[in-house]
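Undergrad: need a structure here:
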Amino acid sequence: MLIHLSSWPEIDARLNDGGPLSRTVIVPIGSNEQHGPTGLLGTDWLCPEIIAHAAEKTDANLIVAPTFNIGMAQHHLAFAGTISLRPSTFMAAITDWVSSLSRHGFERIYFLNGHGGNVATIEATISEIYAEWSFVEDSPPFILKLKNWWDLPGVHGLCNRLFPTGHGMHATPSEIAVTQAAYPERIKTADYSPQIAPNGPIRDALDYRARFPDGRIGSDPAQASPEKGQQIIDAAVPALLSDIAAFAAETQPGASL
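TA: Numbers count the residues shown, from 1 in each chain. I've put the predicted structure just below:
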């Protein structure tokens, strides 16, 4: 069930149907930022959305929230089309999403992330949310989880086998391949120079643009293809379903204290 394509009575009924996933929700979360000369700006939110929506088609019990598609991308702001939130804004927005979903009765909120730059802030937000309950000596009515789509069991190893060289850190062939599989009409090409981009640190926006003029870090996106992207999606979906099932079944001992 996709929340944004459902009516409120449908969501209310699902929350109360007693099913194994009735109070568990996936939130695809990412960033809208440059991904080199050929990568879609939405790559980092499209990948978790593509995987989550494919999983929902496989298991109708799954509930997927609208995609949280703007994240921490300040270091990409020297490239046109990038949109970024400040850390404090991002944290406040995530907190409000959790509060809203919890208000309706969701007890397991699973953030499926597609942008490495989000990780630290999402983890800090989760700690802040839990701290509010810890200080008043109470247990929250929910459990939160963060999972990067490439960390789903078997996915990272598959990506390394598909792209043994030139996988890199940003505008990787694996993430671009996933978007190519879902949006083959949006495939773009370019002549890369060098073929494999340089590596280096990530700092502010102007430093980033000077170090990585075309936006890539250590990657060769020319290796991407829709076929390879579909292989990655096909590996990610069962891994996500298994992880979600375990998360939904997780007990919350502190709730009874």
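
Undergrad: Give me the distance between A124 and S88.
TA: 10 Å (Cβ to Cβ, to the nearest Å). The C-beta positions use only the backbone N, C-alpha and C, and glycine is treated the same way.

Undergrad: what about these two, which has more around it?
TA: Taking neighbours as other Cβ atoms under 10 Å, A124 and S88 compare with A124 leading, 14 against 9.

Undergrad: Show the pLDDT at the more buried one.
TA: Per-residue confidence (pLDDT) for A124: 98.

Undergrad: Make sure it is actually in contact with F90.
TA: No. Counting by Cβ atoms under 8 Å, A124 does not reach F90; the two are 9.5 Å apart.

Undergrad: Now for the two: what residues contact both?
TA: Both A124 and F90 lack any common contacting residue under the criterion Cβ atoms under 8 Å, 6 or more residues apart in numbering.

Undergrad: which of the residues in the top helix by length along the chain are buried?
TA: Secondary structure assigned by DSSP state H gives helix 226-249 as the longest helix of the chain. For helix 226-249, burial by neighbour count (16 or more other Cβ atoms under 10 Å) applies to 226, 228-233, 235-237, 239-241, 243-245, 247-248.

Undergrad: cool, and stretch 24-37?
TA: Neighbour-count burial for stretch 24-37 [16+ other Cβ under 10 Å]: 24-36.

Undergrad: what helices or strands is whichever strand or helix holds A93 leaning on?
TA: Assigned by DSSP states H and E, A93 falls within helix 87-104. In terms of contacts (3 or more Cβ pairs under 8 Å, 6 or more residues apart in numbering; DSSP states H and E), helix 87-104 is packed against helix 8-15, strand 24-29, strand 108-113, helix 119-135.

Undergrad: what's in contact with it?
TA: 11-12, 15, 25, 27, 65, 68, 71-72, 85, 109, 111, 118, 121-122, 124-125, 128-129, 140-142, 144.

Undergrad: what's the angle between it and strand 108-113?
TA: 150 degrees (axes from the mean of the first three to the mean of the last three Cα atoms, to 10 degrees).

Undergrad: Not counting its neighbours along the chain, what's nearest R108?
TA: T24 (3.9 Å; Cβ to Cβ, 6 or more residues apart in numbering).

Undergrad: Kindly report the same for L85.
TA: L85 sits nearest to I70 (Cβ to Cβ, 6+ apart), 5.7 Å away.

Undergrad: dump the residue contacts of that neighbour.
TA: Contacts of I70 by Cβ under 8 Å, 6+ apart are S31, N32, W45, I83, S84, L85.

Undergrad: Same check on N199?
TA: Applying Cβ under 8 Å, 6+ apart, the residues near N199 are G168, M169, I217, G218.
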